[in-house]
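In: Generate a structure from the sequence data that follows.
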Amino acid sequence: MATATSPASIIDIDDLGLDRGAHLLIKRALRELPVGGRLGVRGQAPDLLVHLAAWCRSQGHQLEPASPPVVAWVIRGSAETGRWRGAEQAGKAAASEQGAVVDHPKASWGLAARGATVEAGAPEFHFALAVKSEIWADEAGRLYTQAAAAQWNPDTAIDWDASFDLPAEVEDAVVQLMTYLIENENAALLVPARFLGQIHPHFKEVMQVLAIQMADEARHVEVFTRRALLKGRRLGLSTASGQASLKTLVDEPDFALASFLLSVLGEGSFLNLLSFLQAYGPDPVTRQIARLAAQDEARHVAFGMAHLQFQLAGDPTLRHRLALAIERRHHALAQTSGLNEEVFDALVLLAAGAWRPAAIGEGYARVQALNSEMAAGRRRRLMKLGFEERAAEGLSELHTRNFM
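Out: You can find the predicted model right below:
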């Protein structure tokens, strides 16, 4: 083991050569000396003097001869300190610290960890989303921590071996709903994926939230698919109008507007749908899936709300853009048929639980109540974003009939 026989001037590296890591001990000892300070090196490694001379040249230090037992004197140069001249700290690691997350992180900070010291001359990375007011949410760190702790394994969290045997028409209804949910979750995965690579890594908590949101959606696609195929059925129908509705989400180029349309309005409405499936799902697997997916979706809605509330606090004019986004999407989908008829009928059947006329009537009423609950939820979230009640009600009614 190497030991320093003098706290500032002599180091003994024993038989450790520079080709085996001795440079780490020498560098450590040199940091204790000022520029021009002298460090004597002792050691018995073969060709130590030759290796030491080459290493000093590469590091900007001088080497002077010495008398045994010192092999040579290393005179500390200024290259290491000079290398970090002009370096700057890229904010602070902990978001809770004052000034940790800056408003406009520099392009030259690039991929550096927030809080790291960035060497001058680093290449510039031009991220499209690099302004705090347009990307940040104070709740992002907490939501990520919560999401990471709440991840669930589809193999163990769901009792795939639960025994149940549904009537063929009921099983077909479940398969159709799962098919519908899959394509909607594909959109909910692709929207954050589109923006993730555009975010400056300085806003790491936002990146982490979007990344884990994508993992959530990928898991939802998996479990919805497994449930659809559980009893040997083929997947159901995907309509042109449903795809058209989702395409407006995938094509939205503005991060704030996309978050608004997807998370606040779409996934917010899906929370009601998943609650509906928890209540009226005809089998334990469907109910378990709906419960677990709803837990994830609630976080997605929470981040969308937190992000928009932060942005609106600094830019109230965003509210007008949000309203225009709803109206623009409504006009784009005006000629479409809305919710897949097969999906609507499937919801009615599950809520009815039987084919008796009275039961079907009750199921229909429950689906109508679901629509009302969705609209009321959207209205409440819009009002939390600062819309007046009347405006919130009108905008909620313009939301796509496809739910998402």
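
In: correct me, but residue 195 touches residue 129?
Out: Yes - here residue 195 lies in contact with residue 129, judged by C-beta atoms under 8 Å, at a distance of 6.6 Å. Yep, even glycine has a C-beta here, placed from its N, CA and C like the rest.

In: okay, the two: which has more neighbours?
Out: residue 195 (20 against 17; other C-beta atoms under 10 Å).

In: For the helix or strand that that one is a member of, buried residues please.
Out: Using DSSP states H and E, residue 195 falls within helix 168-196. Buried residues in helix 168-196, counted by 16 or more other C-beta atoms under 10 Å: 170-189, 191-196.

In: same deal with stretch 17-35?
Out: Buried, per 16+ other C-beta under 10 Å, within stretch 17-35: 17, 18, 22, 23, 25, 26, 29, 30.

In: The second one against residue 52, yeah?
Out: Yes - between residue 18 and residue 52 there is a contact under C-beta under 8 Å: 6.6 Å.

In: What ranges does the stretch 151-300 of the chain have for its helices?
Out: For the stretch 151-300 of the chain, the helices defined by DSSP state H, counting those that start in this stretch occupy 154-157, 168-196, 204-229, 240-250, 255-259, 268-280, 284-314.

In: how about those helices, which one is nearest residue 379?
Out: helix 268-280 (10.4 Å; C-beta to C-beta).

In: one step back: so for the helix holding residue 195, mean pLDDT?
Out: Throughout helix 168-196, pLDDT has a mean value of 98.

In: Tell me which other helices or strands it touches.
Out: Contact analysis of helix 168-196 by 3 or more C-beta pairs under 8 Å, 6 or more residues apart in numbering; DSSP states H and E lists helix 204-229, helix 240-250, helix 255-259, helix 341-352 as its packing neighbours.

In: May I see these arranged in a markdown table, with mean pLDDT and distance to residue 265 as well?
Out: Formatted as a markdown table, those follow (pLDDT from 0 to 100; distance: least, C-beta to C-beta, whole Å):
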| stretch | mean pLDDT | distance to residue 265 |
| --- | --- | --- |
| helix 204-229 | 98 | 16 |
| helix 240-250 | 94 | 10 |
| helix 255-259 | 97 | 10 |
| helix 341-352 | 96 | 18 |
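
In: Dump those into CSV; add mean neighbour count and distance to residue 374 as well.
Out: Output for those, formatted as CSV (neighbours: other C-beta atoms under 10 Å; distance: least, C-beta to C-beta, whole Å):
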stretch, mean neighbour count, distance to residue 374
helix 204-229, 21, 19
helix 240-250, 18, 14
helix 255-259, 22, 19
helix 341-352, 20, 12
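
In: Of those, which is nearest residue 313?
Out: Set against residue 313 and scored by C-beta to C-beta, these come closest in helix 255-259, at 12.9 Å.

In: can you list the residues that contact that closest one?
Out: With C-beta atoms under 8 Å, 6 or more residues apart in numbering as the test, helix 255-259 has contacts from 129, 134-135, 191, 194-195, 198, 249, 252, 303-304, 307-308, 311, 318, 321-322, 325.

In: and with 10 Å instead?
Out: Here helix 255-259 makes contact (C-beta atoms under 10 Å, 6 or more residues apart in numbering) with 128-129, 134-135, 137, 191-192, 194-195, 198-199, 206, 210, 248-252, 267, 300, 303-305, 307-308, 311-312, 315, 318, 321-322, 324-326, 328-329.

In: so where's the protein uncertain?
Out: Scanning the chain with the threshold set as pLDDT under 70 gives 1-8.

In: What residue spans form the domains of it?
Out: 3-81, 89-126, 132-397 (automatic domain parsing).

In: just checking, residue 370 touches residue 343?
Out: No - counting by C-beta atoms under 10 Å, residue 370 stays clear of residue 343, with 11.8 Å between them.

In: Overlap in contacts, those two.
Out: 273, 403.

In: Next, the contact list for residue 208, please.
Out: Counting by C-beta under 10 Å, 6+ apart, residue 208 has contacts 140, 141, 143, 144, 145, 147, 148, 196.

In: let's go with 6 Å and repeat that
Out: Each residue near residue 208 by C-beta atoms under 6 Å, 6 or more residues apart in numbering is listed here: residue 144.

In: With residue 111 instead?
Out: With C-beta under 6 Å, 6+ apart, residue 111 has these contacts: residue 201.

In: To which secondary structure element is it assigned?
Out: Residue 111 belongs to no helix or strand, assigned by DSSP H and E.

In: Mind giving me the packing neighbours of the host helix or strand of residue 363?
Out: Assigned by DSSP H and E, residue 363 belongs to helix 357-384. Helix 357-384 sits against helix 268-280, helix 341-352, helix 389-397, with contacts defined as 3 or more C-beta pairs under 6 Å, 6 or more residues apart in numbering; DSSP states H and E.

In: Make JSON lines from the ones you listed and add distance to residue 259 to it.
Out: Converted to JSON lines, the helices and strands packed on helix 357-384 look like this (distance: least, C-beta to C-beta, whole Å):
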{"stretch": "helix 268-280", "distance to residue 259": "12"}
{"stretch": "helix 341-352", "distance to residue 259": "25"}
{"stretch": "helix 389-397", "distance to residue 259": "16"}
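
In: Residue 110: which of those helices is closest?
Out: Using C-beta to C-beta, the helices and strands packed on helix 357-384 put helix 268-280 closest to residue 110, at 35.3 Å.

In: Flag every buried residue along the closest one.
Out: Buried positions in helix 268-280, judged by neighbour count with 16+ other C-beta under 10 Å: 268, 269, 270, 271, 272, 273, 274, 276, 277, 278, 280.

In: same check, this time on stretch 387-404
Out: So stretch 387-404, judged by 16+ other C-beta under 10 Å, has buried residues 387, 392-396, 398-404.
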